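Colleague: Sequence and predicted structure, then a few things I'm wondering about:
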Amino acid sequence: MSTNNNAFKLILGLSGDWHLQHIRLSKAGDALEFMVGRVKTSKNWLGREQREVINGPRHAWRHLDFGGMPTYVYAVVDGDDTLFEQSWAGPRSQAFTRAMASYLVELMCSGADLGSICKLHRIDLDTLWRFRFSLEHAADDSVLEPGALQRLRQHESTLRQQAAAPNAPRAAARSGTQIPGPESPVWQLVASGEAQLQTNVFALRLLLARLRSEIEAIVDPRERQLKCAKLHRYFTNNIAQLADELRQVKEFVL
């Protein structure tokens, strides 16, 4: 798959003497591979402009998905360390580009668990776990887009505070935020899409999308109920962030 279209260069955010050499499908046909190189422009002794393609070994990173397909960037390493500062690239030791790494952090901050992220984006769990572990020991934001690491640490701090508040569930119950039981038919209504739940919580939107696709293939009512119990557990574990969503669920019950 070749291209001389500048649209992909703009999408990647290539600038300067970096250019998109071509795009190809992986050998297995299940991923896109962006081949990025460098072109240096100079003038010959006649004053005419000439372009020189810089070749060398390549370094690969997992990038943001394109068209629902896993996407990788293979960039030429020619001694210019500014490569590792690009949003479409990343540090040598990191498996993800800065753009993809920051996106994964946003998913984590929204409450998505590592298993769900792996399934959604076809990422090896061990790779994602090692990335998550590296963030815990990162000294600064240099491995991500600006501010992403700080948001993750603020999110983790909030979770720790909630876990350290043993009276929080009782307080929620006293304030009238009781969650319908796991056997309530409302969870099937929401999970199947019959009741349209409006939410800006990205992790919840991912869960709903996955449940709807899974439920469509299930005929046994008991299996459907077991699937929908995941939605009940999600609300139970994240009640502090789902006040508006819980209000909608209660309205569906009425």
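Modeller: Looks like it arrived, so ask away. Residues are numbered from 1 along each chain as shown.
Colleague: quick one: what helix or strand has Val105 in it?
Modeller: Per DSSP states H and E: Val105 is located in helix 98-109.
Colleague: If you count contacts, what does that helix end up packed against?
Modeller: Counting contacts by 3 or more C-beta pairs under 8 Å, 6 or more residues apart in numbering; DSSP states H and E, helix 98-109 packs against strand 58-66, helix 114-121, helix 125-136, helix 148-163, helix 202-215. Every C-beta, even on glycine, is put in place using the N, C-alpha and C of the backbone.
Colleague: would you list those in TSV and tack on distance to Ala240?
Modeller: Shown next, in TSV, are the helices and strands packed on helix 98-109 (distance: least, C-beta to C-beta, whole Å):
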stretch	distance to Ala240
strand 58-66	30
helix 114-121	19
helix 125-136	22
helix 148-163	6
helix 202-215	13
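Colleague: ok now do Leu207, which residues does it touch?
Modeller: Counting by C-beta atoms under 8 Å, 6 or more residues apart in numbering, Leu207 touches Ser116, Lys230, Leu231, Tyr234.
Colleague: For the stretch 51-200 of the chain, give me the ranges with low pLDDT.
Modeller: 51-52, 139-141, 159-177 (pLDDT under 70).
Colleague: Which of the contacts of Leu207 fall in helices?
Modeller: Ser116, Lys230, Leu231, Tyr234 (DSSP state H).
Colleague: Which among the residues you listed count as buried?
Modeller: Leu231, Tyr234 (16 or more other C-beta atoms under 10 Å).
Colleague: Count residues in the vicinity of Val190, would you?
Modeller: Val190: 23 surrounding residues under other C-beta atoms under 10 Å.
Colleague: Can you give me the distance of it to Leu114?
Modeller: Here Val190 is placed at a distance of 24 Å from Leu114 (C-beta to C-beta, to the nearest Å).
Colleague: same question, Thr127
Modeller: 10 Å.
Colleague: same question, Val105
Modeller: 12 Å.
Colleague: Report the central residue of the chain.
Modeller: Centroid check for the chain by C-alpha atoms, centre = their mean gives Leu104 as the closest residue, at 3.7 Å.
Colleague: May I ask you to confirm that that one is in contact with Phe131?
Modeller: Yes. With contact defined as C-beta atoms under 8 Å, Leu104 counts as touching Phe131 (7.1 Å).
Colleague: joint contacts of these two?
Modeller: Common contacts of Leu104 and Phe131 (C-beta under 8 Å, 6+ apart): Phe96.
Colleague: what about the nearest residue to Ala75 once chain neighbours are set aside, helix or strand, and which?
Modeller: Spatial nearest neighbour of Ala75, excluding adjacent residues (C-beta to C-beta, 6 or more residues apart in numbering): Val36 at 4.3 Å. According to DSSP H and E, Val36 maps onto strand 32-43.
Colleague: more crowded one of Thr127 and Leu114?
Modeller: Between Thr127 and Leu114, counted using other C-beta under 10 Å, Leu114 has the larger neighbour count: 16 against 13.
Colleague: For that one, give its distance to Trp18.
Modeller: 32 Å.
Colleague: ditto for Arg212
Modeller: 40 Å.
Colleague: Then Gly56?
Modeller: Between Gly56 and Trp18 the distance is 13 Å, computed by C-beta to C-beta.
Colleague: Tell me which of the two has more neighbours.
Modeller: Legend: neighbour count by other C-beta under 10 Å for Gly56 and Trp18, higher for Trp18 (22 against 13).
Colleague: May I have the phi/psi pair for the more buried one?
Modeller: When quoted as degrees, to the nearest 10, the phi and psi of Trp18 stand at phi -80, psi 140.
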